[in-house]
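**Q** the sequence and its predicted three-dimensional model are supplied below.
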Amino acid sequence: MAGMKFVFGLLTFVTVGMIVGALFQLAFIRRLEESSGIPHWVDDKEAVVLHLGIVKPEVLSWSPRIILFRNFLSMEECDYLRAIARPRLKISNVVDRKTGKGVKSGVRTSSGMFLSPEERKYPIIQAIERRISIYSQIPEENGEHIQVLRYEKNQFYQPHYDFFSDPFNVQRGGQRIATMLMYLTDDVEGGETYFPLGLDGEGDLYSQHGGCEVVGGEKWSATVWMRQGSVTF
């Protein structure tokens, strides 16, 4: 009985800690937004890069922690990412739990590509990654390369976790602790991201999510996974 009370108390402590951390994160973001009303921000290059006064955060859920950032990317940035990705799209892979390598699977039917180290030096890409770092409050060096994805009609991604369940991938920067999912089109029918109840596994079980089947148009998105430490490739 004492053991059960201890476990319950520990879970309560962890849950409260996550909520408090999320509140601090949201308060920080809102301070950034409110400060954009000061006239001197108009000519501030950093403010322009961060889209101060443009990005609008909205908490969708505390468990799992889901924050929607409206207007995070400009239309020009969305077009830019699609243009870079289109010539190099390949059938998407999933991580094999036993080997940690990327393999083709019927649970994911999209096509995609990763930006190269050289492309991360482009000014537009650097601006996007800087914005991701500030709004997630995770260092830029903890982010993986941006992945751009395209889902055509009838394509989908079945429910899955973004954190690793193999011992190999965590050696290159630790476990994934956050996902920044950026939508690059708004004229698609279907393709929503949904969060069913959690299943067995490690990490936040309620973070399991999937991509609904696209009914019409094309769904384009860009993803950055953030790690515990600096990512090495």
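**A** Okay, I see it. Since the model is a prediction, treat every value here as computed from it, not as a measurement.
**Q** residue 146 reaches residue 125, doesn't it?
**A** Yes. Using CB atoms under 8 Å, residue 146 is in contact with residue 125, at 7.0 Å. Any C-beta I mention is one placed from the backbone N, CA and C, and that applies to glycine too.
**Q** who has more neighbours out of these two?
**A** Neighbour count, other CB atoms under 10 Å: between residue 146 and residue 125, residue 146 has more, with 23 against 19.
**Q** got any residues that touch both of residue 146 and residue 125?
**A** Residues touching both residue 146 and residue 125 (CB atoms under 8 Å, 6 or more residues apart in numbering) are residue 115.
**Q** and for residue 108, the neighbour number?
**A** 21.
**Q** buried residues of stretch 78-88, list them for me.
**A** Residues 78, 80, 81, 82, 84, 85 are the ones in stretch 78-88 that count as buried (16 or more other CB atoms under 10 Å).
**Q** helix/strand/coil for the second one?
**A** Three-state assignment for residue 80 (DSSP: H, G, I helix; E, B strand; the rest coil): helix.
**Q** find me the pLDDT at it, would you?
**A** Residue 80 is assigned 96 on the pLDDT scale.
**Q** cool, and the last one?
**A** According to the prediction, residue 85 has pLDDT 96.
**Q** any idea how far it is from residue 158?
**A** 22 Å (CB to CB, to the nearest Å).
**Q** and the residue nearest the centre of this protein?
**A** Centre of the chain computed as the mean C-alpha position; nearest residue by CA atoms, centre = their mean is residue 180, 1.8 Å away.
**Q** wait, residue 54 touches residue 71, no?
**A** Yes. Using CB under 8 Å, residue 54 is in contact with residue 71, at 4.9 Å.
**Q** what is the neighbour count of residue 90?
**A** With other CB under 10 Å as criterion, residue 90 counts 9.
**Q** helices of this structure, start to end?
**A** 2-35, 45-50, 75-85, 123-136 (DSSP state H).
**Q** count of residues packed around the residue nearest to residue 107 when sequence neighbours are not counted?
**A** Distances taken as CB to CB, 6 or more residues apart in numbering place residue 158 nearest to residue 107, at 4.1 Å, with adjacent residues excluded. Neighbourhood size, residue 158 [other CB under 10 Å]: 12.
**Q** again with residue 176
**A** 21.
**Q** pretty sure it sits against residue 227.
**A** Yes. Using CB under 8 Å, residue 176 is in contact with residue 227, at 5.9 Å.
**Q** how much space between the nearest residue to residue 127 once chain neighbours are set aside and residue 124?
**A** Using CB to CB, 6+ apart and skipping the chain neighbours, the partner closest in space to residue 127 is residue 49 (4.7 Å). Separation of residue 49 from residue 124 (CB to CB): 10 Å.
**Q** ditto for residue 94
**A** Distance from residue 94 to residue 124, by CB to CB: 29 Å.
**Q** look up the pLDDT of residue 64 for me, please.
**A** pLDDT recorded at residue 64 is 86.
**Q** does it touch residue 206 like I think?
**A** Yes. Here residue 64 reaches residue 206: they are 4.3 Å apart, a contact under CB under 8 Å.
**Q** okay, and the common contacts of the two?
**A** Counting by CB under 8 Å, 6+ apart, the shared contacts of residue 64 and residue 206 are residue 195.
**Q** burial of residue 192, as a residue count?
**A** Residue 192: 12 neighbours (other CB under 10 Å).
**Q** alright, calling it a day.
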